[in-house]
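Asker: Structure for this input, please:
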Amino acid sequence: QYSFKEVFGTLVVQKKLFDVVAKPLVEDLIRGKNGLLFTYGVTGSGKTHTMTGSPGDGGLLPRCLDMIFNSIGPFQAKRFVFKLDDKNGVDVQCEVDALLERQKRDAMPVPKTPSGKRQIDPEFADMINVQDHCKVEEVDEDNVYSVFVSYIEIYNNYIYDLLEETPFDAIKPKWNNCNTPVRNGDFIPPQSKILREDQNHNMYVTGCTEVEVKSTEEAFEVFWRGQKKRRIANTQLNRESSRSHSVFIIKLAQAPLDADGDNVLQEKEQITLSQLSLVDLAGSERTNRTKAEGNRLREAGNINQSLMTLRTCIEVLRENQMYGTNKMVPYRDSKLTHLFKNYFDGEGKVRMIVCVNPKAEDYEESLQVMRFAEMTQEVEVARPVDRPLCGLTPGRRFRNQAFREELSRKLEMRGGPINGEREEQSVSEMFLQNFPPLPSCELLDVNDDQTLPKLIEVLEKRHKLRQMLSEEFAKNVLAFKTMLQEFDSSVVSKENYIQGKLSEKEKTITGQKMELERLEKKIKTLEYKIEILEKTATIYEEDKRNLQQELESKSQKLQRQASDKRRLEARLQGMVAETTMKWEKECVSTVSIRNLEMQNKLWVKDEKLKQLKAIVTEPKNEKPERPSRERDREKPVQRSVSPSPVPNAPPVRLRHRRSRSAGERWVDHKPPSNLPTETVMQPHVPHAITVAAASEKALAKCDKYMLTHQELASDGEIETKLIKGDVFKTRGGGQAVQFTEIETLKQESPTGRKRRSSPSNPDPAEDAAESEWTDVETRCSVAVEMRAGSALGPGYQHHAQPK
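Answerer: Below you'll find the model as predicted:
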């Protein structure tokens, strides 16, 4: 459901529609306010019929024209009293200038403006034959009015003048005998017009033809002439589909009369120019329904785009009004919205007629149209228009007419212009009074000799006076001739001077015209650049909106990831705490088990040390007896915490094993992570440079290189490897090492039987005693080759195995 201010049924007559919708706009036009009326709807819904009408029943446009001329008919000014300029303004000129302008236009060979007295074209005679005689009440009778009309169309987002004399149809080539088209060189294609802004920030079409009309018939004939040039085409949905938006503009210029009520007041500030625009929008259409191709497809795209821009502008205005925002309204995206920008900014009243076709196929598109139309009702941008005050007494026109009627009545009663005859008679009487009076000419007697001599004397005097007057008249004529000659010479000289000045002025005007043409070209170039910049700004704004949306989506994604990360961290902390407690328990149990195992091992070692102590402290003159392990197992021996050290054990001197490669200069590389083994056999390289990390400086001084590497063997003991190599120079000036040999130093516990090594100087007395018992393994299971109680513990040997 959609709500509107007024809903008309399918059988509504044009008069009712006009009274409700268009009549208030005409009243505002005559009161000096602007108005905009346009029809909107799907293609084939009756927009052009609503605006134009049909034979016998005129539409909104002819009824608006009829109401205007019915209201201002007796108060219209003569042609060319009001004169429109090229900057959307109007000038006023006196009756004499207007008369000269009319005579000049009548002498020109161009087609004359259609007159209201000529026969009406029968093609549209029924449309303007309105019998209602509707008019506006309370028209200002002290003003004079003039109506100007223009007709344009917006086709593919370009503006064309439908009243231009240039042929407006598409170029139809001529065909020669060879069936090839021949271009018509005389044809000049129509030029699109540009929009400009006047000093009052109103938009207007530059160079548009504006015709002054004096009657409804004359105005509608101008409209019909442009209507024939409008672009229409046959589509699947409409046999005569409008392919462009048409705009019929009615301008009403009005100015007050002077204080006498005779002539127009010659003040431009007192002129009021109001405008009523009647717009027949092209219908929105879906190309999959119209099956449009080629030019029709391009036209449909431009039509839909301009209507979408109109909808966007209305939506932004509504949003700014409802939410208090200050968003920029995209008027410049389309010529349609750019032309009527002032109406949407509040420079007049806007009315929209929504045409709906009840066909089921148009259901979805009609819903879109009505949704948009309902939304436009919420936009209110009305702004009052102040009219200039002339300060003259009202009723001047009728007082002047009454005075003229009374004067002509009195002159008729007196028999014509009496005052002028009296003036002429008085001049002749004054001239005759200069002559002497004639005496009486009556002869009473034959012998009367006085009357005739007196008459002759008087006549002679009169003759002399006449001669004097003629001589004076001749002198005056001669003087007047000389004055005329002097005046002619002065006039000629002045004319020559004026001609020189005029030629200079014409040169100046020519230069100014060239400058104006250059500036107009520059303006067109700048407007084209502005249009390009606006399109670029639109693209950048679209990219900005897309990037903002992408940024918002990315920020939302990051917020979700952060929340997921926090949940995962909390979960991991719980798992870490649980795992820590678990491993702590396992470590505690493992440590307790290891402590128990180490206590057992310490106990075994204590037992072995006790046996060793007993062997060492036993007197040597007695014959040793081979101990029995069974007896040792049977005797319970008390476990001691730690073995007691041997009191007088001689210190064992560390012996160094000499490397086989002791003759050269070596680099002894010992990493700081190696552990000291403190064994008896230690690798010793004389004249070696010991380093913790290999360096090019140390390698340059030596011939050999040795790396000491430690690792843990499979049996848990430390295994030391001596990696050897030769040092040689490279071509780049550096040092390189080629490894040649690896020595492995391994420590083992004595598990098998080992021969006791004899001292360097054996005592012959003791040799016999020890020969009886040479195997230490029989006395104890531990052989000692170092000081008792050392850090590494008993039973370590140092073997070197070359590879």
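
Asker: Who are the packing partners of whichever strand or helix holds Leu276?
Answerer: Here Leu276 is covered by strand 272-280, with elements defined by DSSP states H and E. Other elements packing on strand 272-280 under the criterion 3 or more CB pairs under 8 Å, 6 or more residues apart in numbering; DSSP states H and E are helix 23-30, strand 35-41, helix 47-52, helix 60-72, strand 245-256. Where you see a C-beta, it was placed from the backbone N, CA and C, and this is true even at glycine.

Asker: C-alpha coordinates for that strand, PDB please?
Answerer: The C-alpha trace of strand 272-280 is given here as PDB (Å, rounded to 0.1, in the frame of the first residue of the first chain):
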ATOM      1  CA  THR A 272       9.900  39.900 -12.600                       C
ATOM      2  CA  LEU A 273      10.800  36.800 -14.600                       C
ATOM      3  CA  SER A 274       9.000  33.600 -13.600                       C
ATOM      4  CA  GLN A 275       9.200  30.200 -15.200                       C
ATOM      5  CA  LEU A 276       7.000  27.100 -15.500                       C
ATOM      6  CA  SER A 277       8.700  23.900 -16.700                       C
ATOM      7  CA  LEU A 278       6.500  21.100 -18.100                       C
ATOM      8  CA  VAL A 279       8.600  17.900 -18.300                       C
ATOM      9  CA  ASP A 280       7.600  14.700 -20.100                       C
END
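
Asker: Now do that strand and strand 35-41, the angle between them.
Answerer: 10 degrees (axes from the mean of the first three to the mean of the last three CA atoms, to 10 degrees).

Asker: Would you convert the helices and strands packed on strand 272-280 into CSV that also reports mean pLDDT?
Answerer: Compiled in CSV, these are given as follows (pLDDT from 0 to 100):
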stretch, mean pLDDT
helix 23-30, 93
strand 35-41, 90
helix 47-52, 89
helix 60-72, 92
strand 245-256, 93
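
Asker: These into a markdown table, with extra columns for distance to His684 and mean neighbour count?
Answerer: Shown next, in a markdown table, are the helices and strands packed on strand 272-280 (distance: least, CB to CB, whole Å; neighbours: other CB atoms under 10 Å):
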| stretch | distance to His684 | mean neighbour count |
| --- | --- | --- |
| helix 23-30 | 119 | 20 |
| strand 35-41 | 108 | 23 |
| helix 47-52 | 113 | 21 |
| helix 60-72 | 121 | 24 |
| strand 245-256 | 107 | 24 |
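
Asker: which one of the ones you listed lies closest to Lys605?
Answerer: Taking CB to CB as the criterion, Lys605 comes closest to strand 35-41 out of the helices and strands packed on strand 272-280, the separation being 108.5 Å.

Asker: where along the stretch 451-600 of the chain do the helices fall?
Answerer: Under the criterion DSSP state H, counting those that start in this stretch, the stretch 451-600 of the chain contains helices at 451-617.

Asker: if we can go back for a sec, so which of the helices and strands packed on strand 272-280 gets nearest Ile523?
Answerer: Of all the helices and strands packed on strand 272-280, strand 245-256 comes closest under CB to CB, at 22.5 Å.

Asker: gap between that closest one and the chain center?
Answerer: For strand 245-256, the separation from the chain centroid amounts to 33 Å (computed by CA atoms, centre = their mean, to the nearest Å).

Asker: helices or strands up against it?
Answerer: Applying 3+ CB pairs under 8 Å, 6+ apart, one finds that strand 245-256 contacts helix 23-30, helix 60-72, strand 82-84, strand 143-155, helix 216-227, strand 272-280.

Asker: Now render these as a markdown table, adding distance to Asp445.
Answerer: Formatted as a markdown table, the helices and strands packed on strand 245-256 follow (distance: least, CB to CB, whole Å):
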| stretch | distance to Asp445 |
| --- | --- |
| helix 23-30 | 91 |
| helix 60-72 | 86 |
| strand 82-84 | 84 |
| strand 143-155 | 80 |
| helix 216-227 | 87 |
| strand 272-280 | 90 |
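
Asker: of all the ones you listed, which lies closest to Pro256?
Answerer: strand 143-155 (5.4 Å).

Asker: need the contact list for Leu712.
Answerer: Going by CB atoms under 8 Å, 6 or more residues apart in numbering, Leu712 touches Ile718, Glu719.

Asker: Tell me the bridge partners for it.
Answerer: Taking DSSP bridges, one obtains Ile718 as the residues bridged to Leu712.

Asker: so where do the helices sit in the stretch 201-350 of the chain?
Answerer: Counting by DSSP H, counting those that start in this stretch, the helices of the stretch 201-350 of the chain are 216-227, 287-290, 295-323, 335-339, 341-344.

Asker: So for Lys23, which of these sits nearest?
Answerer: Per CB to CB, nearest to Lys23 of the helices of the stretch 201-350 of the chain: helix 216-227, 15.5 Å.

Asker: So for the closest one, what gets flagged as buried?
Answerer: Thr216, Glu217, Glu218, Ala219, Phe220, Glu221, Val222, Phe223, Trp224, Gly226, Gln227 (16 or more other CB atoms under 10 Å).

Asker: Could you list the low-pLDDT ranges of the stretch 451-600 of the chain?
Answerer: By pLDDT under 70, the stretch 451-600 of the chain has no low-scoring segment.

Asker: and of the helices and strands packed on strand 272-280, who's closest to Val691?
Answerer: strand 245-256 (92.3 Å).
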